[in-house]
Each structure stands twice: as structure tokens, then as C-alpha cells.
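Undergrad: With the sequence up front, the predicted model follows.
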Amino acid sequence: MAVRIRLTRLGRKKKPFYRIVVADSECKRDGKFLDVVGTYDPLQNPVVIVVNDEKLQNWLGRGAVPTTTVKSILKKKAPVTE
């Protein structure tokens, strides 16, 4: 089973909102998934990206591969400064 980290679409027509999920590569885009890792809201200004870093690192350690879109979203995510 190849596991991918990818986007699943939510929201209404012309108002997209995405979840960053871990899913089997053969499942449908909005179908079954294993875990929710974060969210992505492209309509906010600036774009809102919320990611649970602990879950993300856990799945990457297990061999999950992010799609090119998710890779670019994760690069845009600003580092958290506390």
C-alpha cells in the first residue's frame, strides 16, 4: 500500500477549503483517508496553513510521500516562533 500526503477538497462551489490528509494512493481524492494532518485555506489573505507537525513527521517517518502540491504548501508555511 503506497501512502500519500495530499489534499482533499471541502467547501462550496467557488469557495474551496482543503484538508491535508494521509491516504492510500489508490483512493479517490475526496474518499477514504487514514489521518488528517492539517488544513489549507487559500481564500484568506494571507493564506492560512495549519499543520500538526508531530503527525506530519510521524507519517513521513513511516514512508508517506507528499504530492508536489502539498510539498509547495508546506514550503510556504511560515515557521512557528514562540
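TA: Structure's in. What do you need?

Undergrad: Can you show me the strands along this protein?
TA: Listed from the start of the chain, the chain has strands (DSSP state E) covering 3-12, 15-24, 35-41, 48-51, 65-66.

Undergrad: mind putting those in a markdown table, mean neighbour count included?
TA: In short, each C-beta sits where N, CA and C put it, glycine included. Formatted as a markdown table, the entries for these read as follows, by neighbours: other CB atoms under 10 Å:
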| stretch | mean neighbour count |
| --- | --- |
| strand 3-12 | 16 |
| strand 15-24 | 18 |
| strand 35-41 | 19 |
| strand 48-51 | 15 |
| strand 65-66 | 16 |
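
Undergrad: Out of these, the one nearest Trp59 is which?
TA: The stretch from these with the least distance to Trp59 (CB to CB) is strand 15-24; that distance is 5.0 Å.

Undergrad: Between strand 3-12 and the closest one, find me the angle.
TA: Computed by axes from the mean of the first three to the mean of the last three CA atoms, to 10 degrees, the angle separating strand 15-24 from strand 3-12 equals 160 degrees.

Undergrad: With that, I have no additional questions.
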